[in-house]
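1. Predicted coordinates and the sequence they were generated for:
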Amino acid sequence: MRINDDLILLLLKDGNKNAYEHLFQKYYHTLRSQACMLLKDSMEAEDQVQDLFIEIMDKKLADKINSNLGAYLKTCLYHKCLVVLNRKKRRQYQIEQYKLGCDDLVYNDQLEHRESERSVYQLLRNLSVQRLNVCKLVYLEKKKYKDAAVEMGITINSVKTHLRLANKALREELVGSKTYVMNVLYA
């Protein structure tokens, strides 16, 4: 049985529970379609329509309706959807701003790391061939002094001397550029 809007509104103002059922049956699908068109998300649209009906029941909004019931419901739903769209727009803007900030940080980190690597490589190029080879074998390839000495054809004491002199030279060069060292070590 179909009831007109004026009768539904009158029953709502009187607190008749069946009036809510008639209101729901008459307007639910129309309002849900309107919300789907605005929000382009069927689940969110359904949530907004259900929230509207709950507000009408809980807050006794029927007392505030003085005009066309259908127009009132559509206008209320329209404003609820606008609030959701504005919230999504703000969130998307915040995400974009966050991404831009992260991209800048990563780019700056990469530039600093490359600069630090270049600085360390330049320092290593200043070492003699023997000292550089000893450093490579002992520090990078993790060979024991004895194995490095055998591979290079020198004594263990020569390996130790080359390492000591290489470390001393690197330390002296790096005193002025501590930030490069820290960047390389902690990168």
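-> Nice, thanks for sending it over.
2. What is the burial count for residue 69?
-> 19 (other CB atoms under 10 Å). Placement of C-beta: from N, CA and C, glycine included.
3. Equivalent analysis for residue 159, please.
-> Neighbour count for residue 159, taken as other CB under 10 Å: 25.
4. then the helix or strand hosting it to CSV, C-alphas only?
-> Assigned by DSSP states H and E, residue 159 falls within helix 156-174. This file holds the C-alpha atoms of helix 156-174, laid out as CSV (Å, rounded to 0.1, in the frame of the first residue of the first chain):
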residue,chain,number,x,y,z
ILE,A,156,102.8,-10.1,6.8
ASN,A,157,104.7,-7.2,8.3
SER,A,158,104.6,-5.3,5.0
VAL,A,159,100.8,-5.9,4.9
LYS,A,160,100.5,-4.5,8.4
THR,A,161,102.6,-1.5,7.5
HIS,A,162,100.7,-0.7,4.3
LEU,A,163,97.4,-0.9,6.2
ARG,A,164,98.7,1.4,9.0
LEU,A,165,100.0,3.9,6.5
ALA,A,166,96.8,3.8,4.4
ASN,A,167,94.6,4.3,7.5
LYS,A,168,96.8,7.2,8.6
ALA,A,169,96.6,8.8,5.2
LEU,A,170,92.8,8.4,5.0
ARG,A,171,92.4,9.7,8.5
GLU,A,172,94.4,12.8,7.8
GLU,A,173,92.4,13.4,4.6
LEU,A,174,89.1,12.9,6.3
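5. elements contacting it?
-> helix 69-125, helix 129-135, helix 145-152 (3 or more CB pairs under 8 Å, 6 or more residues apart in numbering; DSSP states H and E).
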